[in-house]
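**Student:** Pasting a predicted model and its sequence here:
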Amino acid sequence: MPPLVYARLPTRPRARHVRLIECLLDMNRAGHRDAVWQCIKLCQDVRQHGHQSRYVVSLKGFPGLCELKPTTRTGERGGARVYLFWLSDGRPVLVNAELKANGADPDEALLEEAYDVLIAVKTGRLKL
């Protein structure tokens, strides 16, 4: 499978960490270790299976943006999400992650952030 690609935000190209790692570190500091572990497992699966990963779900309202969503429905593992999009060569670009509470909507700011990265890559403002 093609290697995973990680993105920095177009507004912070010199950030110490890629955005996904920042999100995972924040979750870990908040004590959500199960969610962090689930995000890592989701990323491993997309690396192994690419588009055929059973966890890839297209997001409505954000063309081209997908999420890695576990099959578990409750708790930290069920609320873990990783947002990504695909390059034309088939490589997945992992942007950011979150822990959603049961029944809560996704974090709009994170979705918009991921979509901004997608647009920046597509328009050539951000090189990966």
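**Tutor:** Cool, got the structure.

**Student:** list the helices and strands the helix-or-strand element of the chain with minimal mean pLDDT packs on?
**Tutor:** Using mean pLDDT, DSSP states H and E, the weakest-scoring helix or strand in the chain turns out to be helix 75-79, at a mean of 88. Packing partners of helix 75-79 (3 or more Cβ pairs under 8 Å, 6 or more residues apart in numbering; DSSP states H and E): helix 33-49. All C-beta spots, glycine's among them, are computed from the backbone N, C-alpha and C.

**Student:** Identify all contacting residues around stretch 105-113.
**Tutor:** Stretch 105-113 has contacts (Cβ atoms under 8 Å, 6 or more residues apart in numbering) with 9, 19, 23, 59, 62, 65, 67, 81, 83, 95-96, 98, 100.

**Student:** Over to stretch 5-18?
**Tutor:** 19-22, 25, 87, 91-95, 113, 116-117, 120-121, 125-126, 128.

**Student:** Can you tell me which of the residues you listed end up in helices?
**Tutor:** R19, L20, I21, E22, L25, E113, D116, V117, A120, V121 (DSSP state H).

**Student:** what secondary structure does the residue lying closest to E22 once chain neighbours are set aside sit in?
**Tutor:** Residue nearest to E22 in three dimensions, not counting chain neighbours: A15, with 7.3 Å by Cβ to Cβ, 6 or more residues apart in numbering. Put simply, A15 is coil when judged by DSSP: H, G, I helix; E, B strand; the rest coil.

**Student:** so how many other residues sit close to A15?
**Tutor:** 12 (other Cβ atoms under 10 Å).

**Student:** again with K69
**Tutor:** When neighbours are counted by other Cβ under 10 Å, K69 registers 19.

**Student:** Enumerate every residue touching the nearest residue to it once chain neighbours are set aside.
**Tutor:** Using Cβ to Cβ, 6+ apart and skipping the chain neighbours, the partner closest in space to K69 is V57 (5.0 Å). Shown in contact with V57 (Cβ under 8 Å, 6+ apart): C66, E67, L68, K69.

**Student:** Thank you kindly, that will do.
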